[in-house]
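**Q** Sequence first, predicted coordinates after that:
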Amino acid sequence: AQRVTQPEKLLSVFKGAPVELKCNYSYSGSPELFWYVQYSRQRLQLLLRHISRESIKGFTADLNKGETSFHLKKPFAQEEDSAMYYCALHSGNTGKLIFGQGTTLQVKP
Amino acid sequence: DTAVSQTPKYLVTQMGNDKSIKCEQNLGHDTMYWYKQDSKKFLKIMFSYNNKELIINETVPNRFSPKSPDKAHLNLHINSLELGDSAVYFCASSRKVRTSGTSYEQYFGPGTRLTVT
């Protein structure tokens, strides 16, 4: 079955601490994975995708096919990073995204 | 502003009523989607249209019927509303999936918070 799992509902860290939001997936083909973010009172927006291998707002995510993971990392968290983060898997060739349950990141001052 | 817009932003209605949510995008995208976000913030796709053709139809009750009059609009009509329909409904759009199978970024609307009493 195609599935995305984000085991942490809430991750709370202090400003300046490293952050890792976990994402594991289950997919039989070659996965295409994304991280979307929803800041307070804003719409859901793309943060990064594994294909582009870029760093956005200091966040990076590496696809590990052996561990079927796509964890999101940032070395030094900022208060403005506080938001809901969704890991998503593109399923098939229709644009269908399967989302994980979401992780709320809370960065404390 | 170029964006995905939804109306209304809030919708409060009683059980048994019929209601519609409208979505419009002016990004020139071919594909539009409806997602449901439940009370636990879990996001799940409901429908998708590509150039007015239905391409994704998840296991959604028949009371939900999407309609796409043109590729810039995707409306969601819900009949006989039930308490469990209370959720935030998000519309999104994107360019059509590449022939290689890789997808494009999806642009989301602000959401419509539906409350059924």
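**A** Sure, I can see it.
**Q** Which parts of chain B are helices?
**A** Ranges of helices within chain B: none, based on DSSP state H.
**Q** Can you pull out the low-pLDDT segments for it?
**A** Residues of chain B meeting the criterion pLDDT under 70: B:1-2, B:99, B:101.
**Q** now chain A
**A** For chain A (pLDDT under 70), the answer is none.
**Q** what residues does it put near chain B?
**A** A:32, A:43-46, A:49, A:51, A:84, A:86, A:90, A:93-99, A:101-102 (C-beta under 8 Å from any C-beta of the partner chain). Just so you know, the C-beta spots here come from the backbone N, C-alpha and C atoms, and that holds for glycine as well.
**Q** now with 7 Å?
**A** Applying C-beta under 7 Å from any C-beta of the partner chain, we find that chain A lies next to chain B at A:32, A:43-46, A:51, A:84, A:86, A:90, A:93-97, A:99, A:101-102.
**Q** Show me which of the residues you listed are buried.
**A** Using 16 or more other C-beta atoms under 10 Å in any protein chain shown as the burial test, those include A:32, A:43-44, A:46, A:84, A:86, A:90, A:94-97, A:99, A:101-102 as buried.
**Q** Using a markdown table, lay out these together with secondary structure.
**A** Shown next, in a markdown table, are those (DSSP: H, G, I helix; E, B strand; the rest coil):
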| residue | secondary structure |
| --- | --- |
| A:32 | coil |
| A:43 | coil |
| A:44 | coil |
| A:46 | strand |
| A:84 | strand |
| A:86 | strand |
| A:90 | strand |
| A:94 | coil |
| A:95 | coil |
| A:96 | strand |
| A:97 | strand |
| A:99 | strand |
| A:101 | coil |
| A:102 | coil |
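**Q** What's the local residue count around residue A:41?
**A** 6 (other C-beta atoms under 10 Å in any protein chain shown).
**Q** again with residue A:81
**A** Residue A:81: 20 surrounding residues under other C-beta under 10 Å.
**Q** now do residue A:66
**A** Using other C-beta under 10 Å, residue A:66 is surrounded by 5 other residues.
**Q** again with the one 5 residues further on
**A** Around residue A:71 sit 18 other residues, with neighbours defined as other C-beta under 10 Å.
**Q** which residues touch the residue nearest the centre of chain B?
**A** The centre of chain B sits closest to residue B:34, judged by C-alpha atoms, centre = their mean, with a distance of 2.4 Å. The contact partners of residue B:34, by C-beta atoms under 7 Å, 6 or more residues apart in numbering or on different chains, come to B:46-47, B:66, B:74, B:76, B:89, B:91.
**Q** So which of those wins on neighbours?
**A** Scoring these on neighbours with other C-beta under 10 Å, the highest-scoring entry is residue B:74 at 28 neighbours.
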